[in-house]
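Colleague: Quick one: sequence plus predicted model below, questions after.
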Amino acid sequence: MSRVGKHPVKLVDGVSATVTDNEITIKGKLGELKTHIPAGVSVKMENGEIIVKPLHESKEARALWGTVRMNIANLIKGVSEGFKKDLELIGVGYRAQVSGQTLKLTLGYSHDIDYKLPAGITAVVTDQTKLTLSGADKQVLGQVAAEIRSYRAPEPYKGKGVKYATETILRKDGKKK
């Protein structure tokens, strides 16, 4: 039994929702987002709330029930407030620059990395080593942050690399005599 799926999702002021057979569209001040509603789950609008219920008692429907509810809640939060991820570049000469929708990363390779930001994602660089990504779609934002981190993941001996601001790098001792 899903404990998350039981709770209805309240629509925030300035956010509207449209439910069709297999898709829900959420519109707000930061844009418009859509998500697919899988078979086995029903979504209804009642009194400014979105109610998600499984259509039958199958294992798949019960598993998707809470997931669909949280996806809808994330869409509502995304179009009303937005999401952000903070990254840090640690290493000598590591830095980032933003020009338009292109993020230029210098990460110790023989060449710079030009990363094209997808639509809806913005990047702000402060202090050349601190990068803040923001956007309305939580899934796309997390994917972009993971791709940027994968260019130079933090290593455990010196801690050099691209890491999330909240991430803690477990450090290892070097060689011992």
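Modeller: Everything's here; your move. Residues are numbered from 1 along each chain as shown.

Colleague: going forward, measure contacts between C-alpha atoms and count neighbours the same way
Modeller: Fine.

Colleague: The spatially most central residue of the chain and Pro54, how far apart?
Modeller: The structure's the chain has its C-alpha centroid closest to Lys138; by Cα atoms, centre = their mean the separation is 2.9 Å. To Pro54, Lys138 is 24 Å away according to Cα to Cα, to the nearest Å.

Colleague: same for the helix or strand hosting Glu60, what does it pack against?
Modeller: Element membership of Glu60, judged by DSSP states H and E, is helix 59-80. Packing partners of helix 59-80 (3 or more Cα pairs under 8 Å, 6 or more residues apart in numbering; DSSP states H and E): strand 9-10, strand 23-28, strand 31-36, strand 41-46, strand 49-54, helix 138-150.

Colleague: any idea how far the third one is from the chain center?
Modeller: Read it as strand 31-36. Relative to the chain's own centre, strand 31-36 is displaced by 14 Å; criterion: Cα atoms, centre = their mean, to the nearest Å.

Colleague: And the contacts of it?
Modeller: Residues outside strand 31-36 that contact it (Cα atoms under 8 Å, 6 or more residues apart in numbering): Asn22, Glu23, Ile24, Thr25, Ile26, Lys27, Asn71, Ile72, Leu75, Val79, Ala136, Asp137.

Colleague: Within the sheet, what are the partner strands of it, with directions?
Modeller: Here strand 31-36 is paired, per DSSP bridges, with strand 23-28 (antiparallel).

Colleague: who's in contact with the strand it pairs with?
Modeller: The set of residues external to strand 23-28 that reach it, using Cα under 8 Å, 6+ apart, is 14-19, 32-37, 75-76, 79-80.
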